[in-house]
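Undergrad: A structural model of the following input is requested.
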Amino acid sequence: MAIIKHISVKNRFYSDAVEYLTCKFDEYTNKPILDEKGRVQERDSYLIEGVNCNADTFGAECIETNRLYGKNNSIKDVKAHHYIISFDPTDNITMEQAMKFGKQWLEVFVPGHQAVLAVHPDGHNGSQNMHVHIVINSVRKYECKKEKWHDKPCEWKQGCKHKSTGKMMYHAKKWVMRQCLLLGYGQVDLLTKKHTDNYWVEKRLMDKNVTEGVGITSNKELIRNTIDKLLLSVDSFEQLLEFLQGIYDWNIRVTDKTVTFATPNMKKGIRGNKLGEGYGKAELVERIEHVVAERKAEQEARRIAEEKERAKAEVTAKEEEVRKAKQIEEERKQKEILSRKRKLAFEHNNIQHQYYSEELNRPDWNREYTAYLNTQFISDYAAFSEEELTAPIMTREEFEARQAVNLYRVKAEKAGLIWEETLSGITSVTHRWKWEYMDYLEAIRFKDVGSVTLQEAKEAILTYEEFAELKELEVKKKDPEQIVDDSNQFVNENTVDTEITEQPVFEADIVPKVESTLEDVSAIPEETIDGKTTEKDIESEPVDFKKLSIKERAELLSEPTDDIMTEFNAYCKRMGYTEEKVRSIRYKMALYDDFLEEYEYRKKYFGVEEVRTMEKQKKTR
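TA: Numbering: from 1, shown residues only. Below is the predicted model:
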């Protein structure tokens with residue numbers, strides 16, 4: 001709720017208005033409150049802003065505007081206008097919101113004037129209501145647009161004086177009422193006329209009573225206050241009259257349409273409709289019915305609320321009872337679970353202690369197994385589940401079997417890495433036991449881990465040198481006269497020292513054809529090669545090429561051709577690799593490596609590479 005009022009100011013000192021807005025003043029004497037040193041005290045809390053001027057230089061700027069337009073030179077001239085918008089103490093409004101409200105009102109109704117706005121949160125008589133002071137210079141500094149409450153051009157033109165007309169105040173009050181309703185504040189009707197008392201008669205009586213220390217202001221005010229106080233407790237108009245006559249000894253005269261009240265000290269009574277709006281007979285009856293209806297509604301609402309609270313309390317009590325019962329049951333279950341866990345942990349630790357003691361008494365005790373048993377000891381049984389507590393502890397045999405599986409998997413993975421390094425890192429020309437060593441590694445990789453013992457899992461993988469040394473010892477045991485040298489020389493005594501070049505890299509499509517070609521070895525036709533020895537000669541005079549060295553084979557064979565697949569088929573036939581034998585070979589790439597070794601040696605023996613190189617150089621020239 002908000003109300004608005006207007007005060008005309010004829011004081012020529014504009015700075016007094018700013019001082020009143022920023023400093024403390026006595027609300028009765030309207031004089032400034034001084035401190036111990038005689039200085040004016042500043043207000044505890046306030047907001048102040050200037051519009052079309054600076055709040056600190058408001059007085060000087062107003063005087064300058066007055067001189068510019070030659071206004072306000074007489075003592076009787078209205079120098080400023082003071083508007084006050086007061087809010088109800090129950091309105092939830094801040095100082096910033098009140099300042100915004102005042103600026104909006106100023107922009108609508110008093111634009112173009114130099115103004116100072118101040119917000120005070122402390123009202124008179126300790127009401128502590130928020131209110132906005134708007135002090136404007138009476139001379140308009142800037143021209144504004146014409147509004148519907150303006151009647152003369154001087155009300156909106158520049159350099160003219162402001163006029164607070166009844167029409168303007170009507171629209172100003174209407175605007176305040178509408179804004180309060182939009183903002184959600186309660187609002188009374190500011191446009192309805194109140195009781196038609198003689199204001200100055202009651203004002204003089206009120207001043208007199210205040211001077212004499214009497215709390216009652218006037219007879220009308222006394223009657224109104226008494227009626228208002230009794231309305232809250234009566235149930236009918238007749239009961240109100242009984243209370244006024246019986247308790248206060250009033251003289252009351254009632255007709256069909258009017259009611260007249262007279263206190264014991266009054267010679268003449270006052271009609272109800274003269275007391276103001278709401279005090280006539282019909283109005284009092286209507287007010288009493290409304291109060292009774294509200295009272296009954298409050299009683300019914302209070303009864304319903306009490307029943308709801310009672311029902312809510314009963315539900316809460318039942319829920320609390322159920323919760324306590326569940327809590328007790330849960331605690332009982334937890335105790336049972338802890339008891340079972342304690343028993344299981346005790347049995348588990350007994351088994352762990354038995355296994356641990358037996359293991360330490362053995363001469364070949366397993367360090368890893370004892371470490372595993374240490375982890376099986378349970379100290380905080382509450383932190384374990386029943387499934388974990390009932391999990392069996394592995395015996396030494398079970399632990400070593402699992403340990404062997406884990407160790408052997410690591411060993412097999414390592415053997416796979418060594419196998420890949422051996423396949424690409426060494427050649428069978430310089431390392432005689434390459435393919436046997438790779439078989440040894442494959443046997444480790446693909447061995448069934450279910451039958452592996454811990455000793456086998458812990459055995460280290462032999463290096464190629466160690467494996468070759470063992471193979472040489474086996475050969476010596478079988479044939480002591482045969483000497484095996486796994487170096488850069490061949491086994492046969494007729495083998496000459498020959499520098500072996502790295503195997504050339506052939507096209508990727510050659511290798512996949514090897515297996516399919518090997519399967520058709522038996523179907524290879526006999527070929528007659530110009531040179532020294534033909535396949536027919538070889539059949540007529542059988543020669544075991546397996547027992548010959550590469551040099552001897554090169555002397556017997558003809559110059560190699562560029563058709564690698566034809567040469568490879570002939571190699572398989574003369575070396576005795578039938579279809580069944582090729583299928584039994586585990587590493588078919590080893591056969592192809594041996595062929596490439598012989599093929600490269602024959603090319604070097606016959607100088608085929610040198611001749612082809614010279615021909616290419618001639619063609620280039």
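Undergrad: Next secondary structure after the helix or strand hosting E298?
TA: E298 belongs to helix 281-361 when assigned by DSSP states H and E. Moving toward the C-terminus from helix 281-361, the next helix or strand (DSSP H and E) is helix 367-375.
Undergrad: how about I136, secondary structure?
TA: strand (DSSP: H, G, I helix; E, B strand; the rest coil).
Undergrad: quick one: average pLDDT of the helix holding E298?
TA: Helix 281-361 shows a mean pLDDT of 92.
Undergrad: do you know how far N129 is from W433?
TA: 110 Å (C-beta to C-beta, to the nearest Å). In this view, the C-beta of every residue, glycine as well, is placed from N, C-alpha and C.
Undergrad: before we move on, back to that, what helices and strands are in contact with the helix holding E298?
TA: Packing partners of helix 281-361 (3 or more C-beta pairs under 8 Å, 6 or more residues apart in numbering; DSSP states H and E): helix 219-231, helix 237-246, helix 367-375, helix 386-389.
Undergrad: chain center to the shortest one, what's the gap?
TA: Its chain's C-alpha centre lies 38 Å from the corresponding centre of helix 386-389 when counted by C-alpha atoms, centre = their mean, to the nearest Å.
Undergrad: Run a quick neighbour tally on E321.
TA: When neighbours are counted by other C-beta atoms under 10 Å, E321 registers 10.
Undergrad: I'd like the distance between it and E314.
TA: 11 Å.
Undergrad: do the same with S385
TA: 41 Å.
Undergrad: With L275 instead?
TA: L275 is 51 Å from E314, by C-beta to C-beta.
Undergrad: Also L462?
TA: 86 Å.
Undergrad: Just want to know which of those two has more residues nearby.
TA: L462 (16 against 10).
Undergrad: List the contacts of that one.
TA: Under the criterion of C-beta atoms under 8 Å, 6 or more residues apart in numbering, the neighbours of L462 are Y440, L470.
Undergrad: do that again at 10 Å, thanks
TA: I418, Y437, Y440, L441, I444, A468, E469, L470 (C-beta atoms under 10 Å, 6 or more residues apart in numbering).
Undergrad: Separate out the buried members of the residues you listed.
TA: I418, Y437, Y440, L441, I444, A468 (16 or more other C-beta atoms under 10 Å).
Undergrad: sorry, back to before: out of the helices and strands packed on helix 281-361, nearest to H82?
TA: Closest to H82 of the helices and strands packed on helix 281-361 is helix 219-231 (C-beta to C-beta; 27.5 Å).
Undergrad: mean confidence for that closest one?
TA: According to the model, helix 219-231 has a mean pLDDT of 88.
Undergrad: And it, what's buried?
TA: Residues of helix 219-231 classed as buried: N219, K220, E221, L222, I223, R224, T226, I227, L230, L231 (neighbour count, 16+ other C-beta under 10 Å).
Undergrad: sorry, back to before: relative to helix 219-231, how tilted is the helix holding E298?
TA: Using axes from the mean of the first three to the mean of the last three C-alpha atoms, to 10 degrees, the inter-axis angle of helix 281-361 relative to helix 219-231 is 50 degrees.
Undergrad: Could you confirm L462 falls within a helix?
TA: No. Assignment of L462 by three-state DSSP gives coil, placing it outside any helix.
Undergrad: what pLDDT, on average, does stretch 32-41 get?
TA: Per-residue scores along stretch 32-41 average to 87.
Undergrad: Take it, keep the C-alpha atoms, and write them as PDB.
TA: C-alpha atoms of stretch 32-41 as PDB (Å, rounded to 0.1, in the frame of the first residue of the first chain):
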ATOM      1  CA  PRO A  32      17.900  19.500  13.300                       C
ATOM      2  CA  ILE A  33      19.400  17.100  15.900                       C
ATOM      3  CA  LEU A  34      22.900  18.200  16.900                       C
ATOM      4  CA  ASP A  35      25.700  16.100  18.400                       C
ATOM      5  CA  GLU A  36      27.900  16.900  21.400                       C
ATOM      6  CA  LYS A  37      29.900  19.400  19.400                       C
ATOM      7  CA  GLY A  38      26.800  21.200  18.000                       C
ATOM      8  CA  ARG A  39      27.100  19.700  14.500                       C
ATOM      9  CA  VAL A  40      24.200  18.400  12.500                       C
ATOM     10  CA  GLN A  41      24.000  14.600  12.500                       C
END
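Undergrad: ok, residues contacting that stretch?
TA: So stretch 32-41 is in contact with D16, E19, Y20, T22, C23, K24, F25, D26, E42, R43, going by C-beta under 10 Å, 6+ apart.
Undergrad: same thing but 6 Å
TA: Stretch 32-41 has contacts (C-beta atoms under 6 Å, 6 or more residues apart in numbering) with C23, K24, F25.
Undergrad: do you know how far the residue lying closest to the last one once chain neighbours are set aside is from E42?
TA: If I follow you right, that is F25. Closest residue to F25 apart from its sequence neighbours, by C-beta to C-beta, 6 or more residues apart in numbering: P32 at 5.5 Å. Here the criterion is C-beta to C-beta. By it, P32 lies 11 Å from E42.
Undergrad: Of these two, which one has the most company?
TA: More neighbours surround P32 than the other of P32 and E42, with 15 against 10 (other C-beta under 10 Å).
Undergrad: a strand runs through D562, doesn't it?
TA: No. D562: not assigned to a strand; according to three-state DSSP it is coil.
Undergrad: quick one: it from R574, how far?
TA: On the measure of C-beta to C-beta, D562 and R574 end up 19 Å apart.
Undergrad: The chain: strands as residue ranges?
TA: Shown for the chain, the strands assigned by DSSP state E span residues 2-9, 47-51, 80-87, 113-120, 131-140, 251-254, 259-262, 270-271.
Undergrad: In CSV: those strands, plus distance to Y356, mean pLDDT and mean neighbour count.
TA: Shown next, in CSV, are the strands of the chain (distance: least, C-beta to C-beta, whole Å; pLDDT from 0 to 100; neighbours: other C-beta atoms under 10 Å):
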stretch, distance to Y356, mean pLDDT, mean neighbour count
strand 2-9, 89, 90, 16
strand 47-51, 83, 93, 17
strand 80-87, 85, 93, 21
strand 113-120, 85, 94, 25
strand 131-140, 89, 94, 24
strand 251-254, 109, 93, 13
strand 259-262, 108, 94, 20
strand 270-271, 111, 92, 16
